[in-house]
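# attaching a predicted model along with its sequence, questions to come.
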Amino acid sequence: MKRDAIVIRVEDNVATAIRNLEAGHEAAVGIGEEVTRLKLRQSIDYGHKMALNDIARGEKILKYAAVIGQATQAIKAGEHVHVHNVESLRGRGDLD
């Protein structure tokens, strides 16, 4: 089956688009050998992330089974996950 996005690790709560995807598209998301479907609420550009499930404000964003940031607002499944709704937690002196 042709895939539109991939999940690196089963623990991840985001997938990465492997082609440009339009809002409303039902994306085929590969998680290992399994493929699941996810209806996109927003367009997702190649290489960008989408939420696999609803993510609450303050919840950690996981990619490669590692925390890559924190949601600055609630993010619905199928929405774009990027700098407009995620803040980095790395290398910040204000979080010490």
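Arrived safely, thanks for sending.
# straight-line length of stretch 8-18, end to end?
Start-to-end span of stretch 8-18 (C-alpha to C-alpha, to the nearest Å) is 12 Å.
# quick one: average confidence on it?
Throughout stretch 8-18, pLDDT has a mean value of 96.
# next: stretch 50-59.
pLDDT averaged over stretch 50-59 gives 98.
# partner residues bridging residue 70?
residue 60, residue 87 (DSSP bridges).
# what of the one 5 residues further on?
For residue 75, the beta-bridge partners under DSSP bridges are residue 55.
# again with the one 5 residues further on
Bridge pairing for residue 80 (DSSP bridges) gives the partners residue 50.
# pretty sure it sits against residue 48.
Yes: using C-beta atoms under 8 Å, residue 80 is in contact with residue 48, at 6.3 Å. Quick note: C-beta positions are derived from backbone N, CA and C, even for glycine.
# contacting residues around the residue nearest to the spatial centre of the chain?
When C-alpha atoms, centre = their mean is applied to the chain, the residue found nearest the centroid is residue 14 (2.6 Å). Contact analysis of residue 14 by C-beta atoms under 8 Å, 6 or more residues apart in numbering lists 7, 49-52, 61-63, 81.
# at 6 Å what do you get?
By C-beta atoms under 6 Å, 6 or more residues apart in numbering, the residues touching residue 14 are 49, 63, 81.
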